[in-house]
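J.: heads up, no residue letters with this:
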């Protein structure tokens, strides 16, 4: 109750404190750095191993489990998750934020050197996910002109225009129909001219 009495008794002081808080808030907001695409690198490493012709159960038993056991003691790991599919094993290692990923990758490499995998399985690949390489914008084209004409428009006109813009690293065209040229040769004519 005493606080409310003081506030009512000193309105000028209350207004001064309120104005100071608002001014400092605007000054802080103006100096706050804002980045449209901040540099975020997730602390994850994926160990991918291909084992051609193996069923998911075989991949799990002979590839994923030995790799999980070998990498479970790497320093800084928060969780390990494996995905075993036909012919491919992905073991995803998630590290705590602030972990030195260069040191973690070196540690993973060293542990994989001593892991015995079945014959026919190549050395595992160590992959890092980089969100800055993910596509930022997807554009879909529709119209009355047909899929072949839309694909040609996208490749010959839109792709070149978008690549010329500042800040655009790459433009990829997907979908639609591509023009196919089919050449049918007469074998006896080719043989008569000595062409294989």
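T.: Okay, I see it. All values derive from a computational prediction rather than experimental measurement.

J.: how about the helices in this structure?
T.: Under the criterion DSSP state H, the chain contains helices at 2-9, 11-31, 56-59, 65-71, 101-113, 147-153, 159-163, 187-192.

J.: so which of these gets nearest residue 42?
T.: helix 101-113 (9.4 Å; CB to CB). C-beta here means a position set from N, CA and C on the backbone, and glycine is covered the same way.

J.: what's the burial count for residue 185?
T.: As a burial measure, residue 185 scores 8 neighbours (other CB atoms under 10 Å).

J.: let me fix that: residue 47
T.: Count around residue 47 with other CB under 10 Å applied: 26.

J.: run through the bridge partners of the closest residue in space to it that isn't next to it in sequence.
T.: Using CB to CB, 6 or more residues apart in numbering and skipping the chain neighbours, the partner closest in space to residue 47 is residue 91 (4.4 Å). For residue 91, the beta-bridge partners are residue 47, residue 82 (DSSP bridges).

J.: quick check: which ranges of the protein have low pLDDT?
T.: By pLDDT under 70, the weakly predicted segments of the chain are 37-39, 130-135.

J.: quick check, residue 75 in contact with residue 106.
T.: No: Residue 75 lies out of contact with residue 106 (CB atoms under 8 Å); the separation is 11.1 Å.

J.: among the helices of the chain, which comes closest to residue 176?
T.: Taking these one by one with CB to CB, helix 147-153 is closest: 3.2 Å.

J.: what does the closest one contact?
T.: Residues from elsewhere that reach helix 147-153 (CB atoms under 8 Å, 6 or more residues apart in numbering): 141, 142, 143, 145, 173, 175, 176, 177, 178, 179.
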